[in-house]
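> got a sequence here, can you build the structure:
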Amino acid sequence: MNIAIVGTGYVGLVSGTCFAEMGANVTCIDKDKHKIAALLAGEIPIYEPGLDRMVRSNVEAGRLRFATDLTQCIDQVDIVFSAVGTPPDEDGSADLQYVLEVARTFGRAINKYTLLVTKSTVPVGTAAKVKAAIREELGKRGADIEFDVASNPEFLKEGAAVKDFLSPDRVVIGVESERARELMEKLYRPFVLNNYRIIFMDIPSAEMTKYAANAMLATRISFMNDIANLCELVGADVNMVRRGIGSDARIGTKFLYPGCGYGGSCFPKDVKALIRTGREHGYEMRVISAVEEVNEAQKSLLFEKLVARIGPDLRGKRIALWGLAFKPETDDMREATSLVLIDRLTQTGAEVVVFDPVAMDECRRRIGDRVRYAKEMYEATVDADALMVVTEWKQFRIPSWRVVARAMRGKLVLDGRNLYDPADLTDAGLVYSAIGVR
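Predicted structure coming up:
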């Protein structure tokens, strides 16, 4: 089966590569000529475990190609996926300019029945706008060509995206016609053979499912952070509380880990967009609005703990950060807690020294030399007055606390992910503070 995917960002590149791995002939399109040239040269623009090997093997097998113009392959494909960005506008709504640009290009280019599938995360009602844009372009051509639109939202976790795509919990597909359903069934047949769930529904429901899923997960995180903050005030231990409620089969343990806030490309953007969609329809998403409010406050919690311990004047203080990416196994720093902490620390005169296993270049690209970059994790702690642990990378899980204690000038360790046993740090002469634990 021949398909095209427009957009070679995180979703587009992972999806295209995995479809090729399952036997489809895939052309990934991006108007960024430099990005396409880099991909043709074997350079992968994102960090995702296993993706680079899979890209190379499918390019060598001839199933994965890259191009800068959809019209180069439109006559040879049955399905076009739109996987372009939908960044938030200033009012929190999803910016659909790139989605509609793909639709207009599609309408100008098709010469036979073709299915356009939106894989980007888009608000409910976007499919109608996409259809209108296609029909407008066909009208300009005076062309009467059949087409369909569909919705196929992605549910990929950064750091495990390849595994998630190839072994999905479920595949959600919104369609309007039997012809579109048959095409999508044919494409996803390898997943059916492996007994993965494919759930067909109407397009608005598919569009809403993506937002509802991310909003629910974000809600669990903010709920647990709210509970953690109260635990500190009343003398409870949130780690025990988490185990206690997580053992309830109705609740479960996933996404109940307290911490210093969620980030990334999905949760913050999708929560804002869902709030905005509600307001556009005269409805206030009160629970989701509180989720966002709690999360934004949580990102400054480690800074507030620091100030409570050593005072508000941080001039001349050196603060070490372990972790820059919003989560492990990615270099993504979009909406990362580390950026909030760096802003708060540098604004109050602190010197910030950072280390992350893979996100150092991304940090330099974003903020330049506002911080000092350590070559390894222990170097970051040299002469530090405090250490903040922001991202739960595996290599941070069992550090030598005696090495840390000897390197640091101060003794304070602020654990933003509740990774450590307090006794281990106390034995090394360090002062330990976590989330939701007194």
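> using CSV, write down the CA coordinates of the helix or strand bottoming out on mean pLDDT in the chain.
Among the helical and strand segments of the chain, the one scoring lowest on mean pLDDT, DSSP states H and E is helix 189-193, with a mean of 79. Provided in CSV are the C-alpha atoms of helix 189-193 (Å, rounded to 0.1, in the frame of the first residue of the first chain):
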residue,chain,number,x,y,z
ARG,A,189,-4.4,-5.1,8.9
PRO,A,190,-1.0,-6.1,10.3
PHE,A,191,-2.1,-4.7,13.7
VAL,A,192,-5.3,-6.7,13.6
LEU,A,193,-3.3,-9.9,12.9
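> so what does that helix touch, helix or strand wise?
The helices and strands touching helix 189-193, judged by 3 or more C-beta pairs under 8 Å, 6 or more residues apart in numbering; DSSP states H and E, number zero. C-betas here are computed from N, CA, C, even on glycine.
> mind listing residues that contact it?
Applying C-beta atoms under 8 Å, 6 or more residues apart in numbering, the contact partners of helix 189-193 are 22, 23, 168, 171, 185, 198.
> which element follows it toward the C-terminus?
Downstream of helix 189-193, the next assigned helix or strand under DSSP states H and E is strand 197-201.
> how about that next one: buried residues?
Of all the residues in strand 197-201, those buried under the rule 16 or more other C-beta atoms under 10 Å are residue 200.
> cool, and stretch 64-77?
Neighbour-count burial for stretch 64-77 [16+ other C-beta under 10 Å]: 64, 65, 66, 67, 70, 73, 74, 77.
> okay, now the unreliable bits of the chain?
Low-confidence segments of the chain (pLDDT under 70): 90-92.
> residue most distant from the centroid, it?
No residue in the chain sits farther from the centre than residue 142, which is 41.3 Å out by C-alpha atoms, centre = their mean.
> thinking again about what came up before, farthest-separated two in the buried residues of stretch 64-77?
Using C-beta to C-beta, the pair of the buried residues of stretch 64-77 lying farthest apart is 64 and 74, separated by 17.5 Å.
> just give me how far stretch 275-287 sits from the chain centre.
A distance of 23 Å separates the centroid of the chain from that of stretch 275-287, by C-alpha atoms, centre = their mean, to the nearest Å.
> residues contacting that stretch, please?
Stretch 275-287 has contacts (C-beta under 8 Å, 6+ apart) with 91, 92, 93, 94, 123, 124, 211, 219, 274, 288, 289, 292.
> format these as a markdown table; extra columns: distance to residue 204 and neighbour count.
Output for the contacts of stretch 275-287, formatted as a markdown table (distance: C-beta to C-beta, whole Å; neighbours: other C-beta atoms under 10 Å):
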| residue | distance to residue 204 | neighbour count |
| --- | --- | --- |
| 91 | 22 | 10 |
| 92 | 20 | 17 |
| 93 | 17 | 17 |
| 94 | 15 | 23 |
| 123 | 10 | 21 |
| 124 | 5 | 20 |
| 211 | 11 | 22 |
| 219 | 22 | 19 |
| 274 | 14 | 26 |
| 288 | 18 | 22 |
| 289 | 22 | 16 |
| 292 | 23 | 20 |
